[in-house]
Each structure stands twice: as structure tokens, then as C-alpha cells.
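In: Could you work out the structure for the sequence below:
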Amino acid sequence: MKNKRGSRWLLVVISILIIATSIILYNVFNPIVTKEGIKLNIFEQKWIENHKNEVISISIPNDIPIFSNEGSGIVFSFLTFFEEGTELELNKIPYTASNDTVENGNRMRVLRNDEKRGDNDLLFYQDNYVLVSKTQEVKKPLDELNAKLGVLDEDFNDVSSYLVGNKLTFTRVNDIDELILMLDEGEVDYIVIPKYLYLDLLIENDFHIVNSLNNLSLKYVLTLADNDDNLNQIIKKYYNEWKKNYLAKGYYNELLNLYTSIKKIDDKNKTDFKSKRYIYGYVETSPYEVVRDGELEGISGEFINSFKEFSEIEFNFKSYKNITDLNKAFQQGKVDIALNYHDLNETNGYKTHDILYSDYVILSNKHNYIVDTIKSLEGKTIYTSKGSKLANYINKNGSFDVKVVNNIVNLSNKDLVLIDNKIYEYYKNDYFKNYYVVYQNRMNNNYSYIINKSDINSVFYNVFNYYVSTLNHKQFENSGMNKMMMPTIHVDLTLLWLYVILLPLFIGILILIMRRRKKIVKVRNDVRLKYIDPLTSLKNRYYLNNNIAKWEENKIYPQAIIVININNLKDINDAYGYEGGDQLIKTAANILINNQIEKTDIMRTDGNEFVIYMVGYNESSVIAYVRKLYRLLKDLPYDYGASLGYSMIEDDIKTIEDAINEAILEMITSREMKNNNDI
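Out: Sure thing, here's the model as predicted:
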């Protein structure tokens, strides 16, 4: 009886513990959601309640435009959001960014380029260094600079290392005002400074940002003290919510207010500027500008849509059939702004800062066509798009027989094609998949926006030009290109009734098909497995043998065969066992898989042998790929590396088998030469 009674009590105690633990875990892992949408667990809520009568100190630099300047900026916006949400009180202790001696406690800090963020550093913004000039001028690639540069002493090491190799002369000074004066008086051609840290001075002096040092920056971070994990977790949760919902808008407001206050743009002019609906004129040109569902997309779309969020103004997008019509509308004042990728008449327009380099390529449908300089094409017939800056540029800079077409597709059957590089990148796997880049260069006239000259557009131009100068142009270009390259699916909702009827019918048919397919899946899997090497998951020799005939029928040239042989595999098996050898083979296979390029097949054809079949690569590209693989395989375990050989197939005379044998011979020769050198 005693044992039974004791067992009952034990069960009661265990049940109570389980219930109590469940309640605790529920409260911890199912936190209460605040009115700001932030989830706080029971410990964090209790911490807030216990500290509402205390003051939490935080040190803040009080002289960084936009971020924390004289009690305003996005940092103060976040701290107000935190105080209102938690009802905790913060003691904001100001200091100057140039005199940062605060080493402990909660504090805003400016981290230099080589300083790493810690787990308790919350990033508010990354401030790129910029190249600044006194006048608005053509955007220059950093590696082409040949000038006198002014820098601050504290930035000299970072900037000079970043721009190493350029033909530059540096002048170092201690004081930002002295640096500004040097540029203003022409003692230096440019200065290099953090963009936002001194943005107010750039606006006051009407200086211009020429280029951005994209990988050299300061980081503005909120560093949390190490002595209270609960407080840190609460701040992080509020920071993440604020960053997601309020950072961008706060940044835009501060950026606009900084400019309008320094330039003394009054409320009336601001109202006039924001109340007008501006006409954006364009001739649809992918990947630069395409309108879908009333919204501008493409590279220009990234800039314009960002400006819309920043300024809160609206655009109407007006399409024109050709450049002539767009030019006429612009001259008549019917268009307020256009991307001057085209050869537009700039007489009646304000030209903004350059946003894109005007890179171009010359394409040939013959892989062995050689172009040393563009002058070597004089007398040749070159085809390009009508009305583009390129067409005008090529006509003015040589004695070429230039013929223009109205549509990109009409270029796809010409011998020599001159085309903008970004348009080529967009269409290279479509209209130009059988073309080779034989020459690449850049015009001395980059792409910018052009804004119609009128009194009402004066503020619009100044604000727009200011905004685009603060952007990382390359980032916007890449974003626009990536979005344009992604496939889009548009569903016509007017056919919804048809989908409702057809969907159940389709599902029924699909179920019947799937039931039948199950009967043959096993057979297909068995066939598939015949082609797969079980150790590396690469295709095997059986796959090679079964595809040689098909590859022989392929008339796209050049083709290439690369043979790779892991060195001394037998010695490794003897010394470390077959497990060591298998691991080496798998490591080599992973290197090949991770570095596989388009239009190639990789096979493991023997114990230590791999074969790569390539289509559409000229010999220089094949050699570069072979050298890359050789360098990567050189770091294989046991330091024996691998031997490689290749063979080119330029026509249907050489067979695949001939190329494999030739590549094997070159591989053996390469290995023997290496062994002789080692001896």
C-alpha cells in the first residue's frame, strides 16, 4: 500500500512540474506582441517593468549630418521609437565624431573600414568614401585617375592603399575646412572624403560627387554594453522592427531636409516641386527602361523609383515610338525628364550627374575575328541601333561605313555589330548567342538624365541631381540588371473563370498521369543511375560513350575536351588506404562541380581521370579555364595536385575520340615536364 501511495504522490509531483514547465516555456517561446509588433518574452517584459524608474545612458556623436546632428537625425528617431515603445528613459550624452573617446557603455560609434562589427554592433549605415570635384564633370573610373588628390591625415592610409597603382599625387591635411579650401582654390583636382560625414559641406560649397569608392567606407553603429543581455535583446528587437519599417523613410526625410535647409528652399517652392506630376519620356529599350503595369522597370526604373520614395513626387510615363518623336516632345516641353541613353538634343535641358558608364562592345559572328583598336575597323561596315549615342559617336570618330537599324532583333544577322554593353549582356543568350565580343571600350560621353529647362523644373532638377549624386550607381545598375534578367509571370485575371473550370480538370488528369508514371519511374531511375558515378555523383564513362555520337553531330564550334588526371593516386591508396584515395577523388570532383561553367559536361571516366566536354569557348577561354582548374587542384590534399591537358575541335574533321586522345597526350606530356622540373 505504501508503495502505491508513494507512486501516486510521485505522479502528482511530476504532473505539477510538467504543467509548470509548460507554462514557463509557453510564456518564453510565445511572447506577448507589443503595439509596435515586437515580440517580448516574459523575462524581457519583467526587465522593462523593473527598470522604468531608471535612466539608461547612451553616448551619441552629435555632428554627423542625417544620422545624428544637433539632436536630430535617424539615430534620434530610433531612440525615440525605443523610448515610446518601452517607456524607458534614455540619457543621451553628446560628443563630437572627431573626438571619440567613449570606450564603454551604450554608444554610437564610427568604425573605420578595417574595423569589424561585433555581435553587439547594430549597423545604421555604411558611409562610402567618394571622389569630389569642384565642378560637375564626366564620371571617371577610379583606375583611370591621373590627378592631384587631397585627403585627411586620418584617411590617407586607407585611401592611398585603395587607389594603389593609379597615377596620383596626394596632399594630406589635418582639418576638413582646410581640405575644402584646397579644392575650392584649385590646389587639388579632387578630394576623397566619407560622403555623409561631410555632406553638409559638399552642399554648402556646391561641390560634386564624381565617383564612389564602393569598398571603402565608414560604418555607423550602435554598440551595446556587455553588462546586460536582457536590455541588449530588447534593443535589438526594437532596432530590427524600426529598421524594417522606418529606417528608409527616416533616411529620405533627413536627406531631403538637409538639402532644402542649406539651399534655403522655402515651403512654397517645396510644395510646387512636390505637387507637380512629372512626365518621364522614353523609347522602350531593355534593360534600361521598360514600363509594366504603369511602373518603370529596368536600370532607370531603379533610380526613378528610388527618387519617388525619397521625394514623394509622382511621374507619368510616356512612351514614344522612336528617338525623333521623343526629341521633338522634349524640345516642345511635353517631357520633363528622360534618360539620355539616346542621342537627345541637350540645348533645352539640364544635364544631371553621370549615372552609368557608356561601355560598348563590337560583336562578330566569326570567332577568329581580331580587332586591335576601333580604328582598325575603318572601311568596314558596322551595324548599330538608330538614334543611340553610339551611332552618333561612331560616325564622329572614324571613317566607318555605319548602317543603322530600327530594332535590336535586326542586328542579329549582321557580320559586325556595335552595341551598348548592357544591352548585349541582356540579349547575349538570345539574339547574340552565336556572336563573339571582339572589341570592348567606353565612349567619353557617359549616360545621365536630361531635365527640361523651365522655371518650375529648377527645384526639381537641383533636388534630383543632388539625390542621384548621393547614390551608389553601380549598386542600382546591378539591381536593375538582375531584376530584368529574372523571368516574370503575368496572370490575366479576366480569365479567372477559365482557371476555376480547368484547374480541377487539370488536377484530375494530372493524378491519372502520375499513377501511370509511377509504374515507369523505377525503370527510368535505373537507367539514370547507369550514367552516374556513385562516388562523386558526376556522370560516368557510360554516359560519355553514349553521348559521343550526339556530340559528333553538334555543329557549333569551337568545342573542346579537357582531361584531368589526379597525380599519384595509387601511392595515396597504398599509404592511406582506399578511404584516403576516395576522399581525394571526391574533393577533386567537388572542385570541378563548384567551378563548372555553362555549356559543359563533367564526367569521371576512370579511377583518377575526369573528362570535360565544352561547347562555344575559344581557345583563350579554354586555356584560362584549364589554368584556373590547375591552380585549384594544386591545393588538393597530399599536395600532389593534378595534371591537365586539352584539345580544341574547330571543325567536323577532328572527332571526339581524337580530341580525347590528344588531350590525354598533352596531359601526359605536361605531367612528365613537371616531374622533370621537380627532379
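In: if you take the average position of this structure, which residue is closest to it?
Out: Asn478 (5.1 Å; CA atoms, centre = their mean).
In: How about the backbone phi and psi for it?
Out: Recorded main-chain torsions at Asn478 are phi -60, psi -40, according to degrees, to the nearest 10.
In: again with Met614
Out: phi -120, psi 150.
In: cool, and Met648?
Out: Main-chain torsions, Met648, degrees, to the nearest 10: phi -100, psi 140.
In: what is it paired to in the beta sheet?
Out: Using DSSP bridges, the beta-bridge partners of Met648 come out as Ala560.
In: Let me know the distance separating it from Gln136.
Out: In this view, Met648 and Gln136 are 50 Å apart by CB to CB, to the nearest Å. Using the backbone N, CA and C atoms, a C-beta is placed for each residue, glycine as well.
In: Can you tell me which helix or strand of this protein has the lowest average pLDDT?
Out: helix 2-29 (a mean of 61; mean pLDDT, DSSP states H and E).
In: which non-adjacent residue is nearest Ala406?
Out: I think there's a mix-up here, since residue 406 is Asn and not Ala. Closest residue to Asn406 apart from its sequence neighbours, by CB to CB, 6 or more residues apart in numbering: Lys386 at 5.5 Å.
In: Show the contacting residues for Ala642.
Out: 564-567, 588, 629-630, 633-634, 636 (CB atoms under 8 Å, 6 or more residues apart in numbering).
In: Can you list the low-confidence ranges for this structure?
Out: 1-13, 15, 18-36, 100-103, 487-503, 505-506, 508, 516-528, 678-679 (pLDDT under 70).
In: Do a quick rundown of the strands in the stretch 551-679 of the chain.
Out: Under the criterion DSSP state E, counting those that start in this stretch, the stretch 551-679 of the chain contains strands at 559-566, 600-604, 609-615, 642-649.
In: Just say which of those is most tucked in.
Out: strand 559-566 (a mean of 24; mean count of other CB atoms under 10 Å).
In: what comes into contact with that one?
Out: With contacts defined as CB under 8 Å, 6+ apart, strand 559-566 is touched by 551, 584-585, 588, 592, 608-617, 619, 622, 625-626, 629, 633, 636, 640, 642-649, 656, 659-660, 662-664, 666-667, 671.
In: Per the annotation, how does the chain divide into domains?
Out: Using automatic domain parsing, the domain parsing of the chain gives 1-27, 108-231, 267-356+449-485, 359-442, 539-678.
In: Ok, which of the ones you listed comes nearest Phe81?
Out: Among the domains of the chain, the nearest to Phe81 by CB to CB is domain 108-231 (12.6 Å).
In: centre of the chain versus that closest one, how much separation?
Out: Taking CA atoms, centre = their mean, to the nearest Å, one finds domain 108-231 lying 21 Å from the centre of the chain it belongs to.
In: What is the end-to-end distance of it?
Out: For domain 108-231, the first-to-last residue distance is 16 Å (CA to CA, to the nearest Å).
In: ok, what's across the strand from Tyr383?
Out: Going by DSSP bridges, Tyr383 forms beta bridges with Lys403, Val417.
In: what's the burial count for Asn53?
Out: Asn53: 8 surrounding residues under other CB atoms under 10 Å.
In: just checking, it is part of a strand?
Out: No. Read with DSSP: H, G, I helix; E, B strand; the rest coil, Asn53 is coil and lies in no strand.
In: just use 20 as the starting number from now, easier for me
Out: In the new numbering, first residue 20, that becomes Asn72.
In: phi, psi of it?
Out: Phi and psi for Asn72, reported as degrees, to the nearest 10, are phi -100, psi 10.
In: Please give the element, helix or strand, for Ser280.
Out: Assigning secondary structure by DSSP states H and E places Ser280 in helix 266-281.
In: If you count contacts, what does that helix end up packed against?
Out: Contact partners of helix 266-281 among helices and strands, from 3 or more CB pairs under 8 Å, 6 or more residues apart in numbering; DSSP states H and E: helix 93-105, helix 218-223, helix 318-330, helix 476-488.
In: Convert it to PDB, retaining C-alpha atoms only.
Out: Extracted in PDB, the C-alpha atoms of helix 266-281 (Å, rounded to 0.1, in the frame of the first residue of the first chain):
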ATOM      1  CA  LEU A 266      14.800  53.500 -41.400                       C
ATOM      2  CA  ALA A 267      14.300  54.100 -45.200                       C
ATOM      3  CA  LYS A 268      11.600  56.800 -44.700                       C
ATOM      4  CA  GLY A 269      13.600  58.500 -41.900                       C
ATOM      5  CA  TYR A 270      16.800  58.500 -44.100                       C
ATOM      6  CA  TYR A 271      14.900  60.000 -47.000                       C
ATOM      7  CA  ASN A 272      13.400  62.800 -44.800                       C
ATOM      8  CA  GLU A 273      16.700  63.700 -43.300                       C
ATOM      9  CA  LEU A 274      18.500  63.700 -46.700                       C
ATOM     10  CA  LEU A 275      15.800  66.000 -48.300                       C
ATOM     11  CA  ASN A 276      15.600  68.300 -45.200                       C
ATOM     12  CA  LEU A 277      19.400  68.700 -45.200                       C
ATOM     13  CA  TYR A 278      19.500  69.900 -48.800                       C
ATOM     14  CA  THR A 279      16.400  72.200 -48.600                       C
ATOM     15  CA  SER A 280      17.500  73.800 -45.400                       C
ATOM     16  CA  ILE A 281      21.100  74.600 -46.600                       C
END
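In: what's next to it, contact-wise?
Out: Residues from elsewhere that reach helix 266-281 (CB under 8 Å, 6+ apart): 84-86, 91-93, 96-97, 143-144, 218-219, 222-223, 284, 289, 328-330, 482, 485-486, 489.
In: What residues sit buried inside that helix?
Out: 266, 269-271, 273-275, 277-279 (16 or more other CB atoms under 10 Å).
In: now that helix, how far from the centre of its chain.
Out: For helix 266-281, the distance to the chain centre is 25 Å (CA atoms, centre = their mean).
In: Which secondary structure elements does the following helix or strand past that helix sit against?
Out: Remark: after helix 266-281, the chain's next helix or strand is helix 286-294, criterion DSSP H and E. Contacts defined by 3+ CB pairs under 8 Å, 6+ apart place helix 286-294 against helix 476-488.
In: Just want the angle from the helix it packs on to helix 318-330.
Out: Here helix 476-488 points in a direction 110 degrees away from that of helix 318-330 (axes from the mean of the first three to the mean of the last three CA atoms, to 10 degrees).
In: export helix 476-488 as CSV, just CAs?
Out: Taking Å, rounded to 0.1, in the frame of the first residue of the first chain, the C-alpha atoms of helix 476-488 are listed here in CSV:
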residue,chain,number,x,y,z
ASN,A,476,11.6,72.4,-63.1
SER,A,477,14.5,74.3,-61.5
VAL,A,478,13.9,72.9,-58.0
PHE,A,479,13.2,69.5,-59.5
TYR,A,480,16.5,69.5,-61.3
ASN,A,481,18.5,70.6,-58.3
VAL,A,482,16.9,68.1,-55.9
PHE,A,483,17.1,65.3,-58.4
ASN,A,484,20.7,66.0,-59.3
TYR,A,485,21.6,66.2,-55.6
TYR,A,486,19.9,62.9,-54.9
VAL,A,487,21.4,60.8,-57.7
SER,A,488,24.9,62.2,-56.7
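In: okay, the angle between that helix and helix 266-281?
Out: Using the same axes, to 10 degrees: helix 476-488 against helix 266-281 is 130 degrees.
In: Can you give me the buried ones in helix 476-488?
Out: 476, 478-488.
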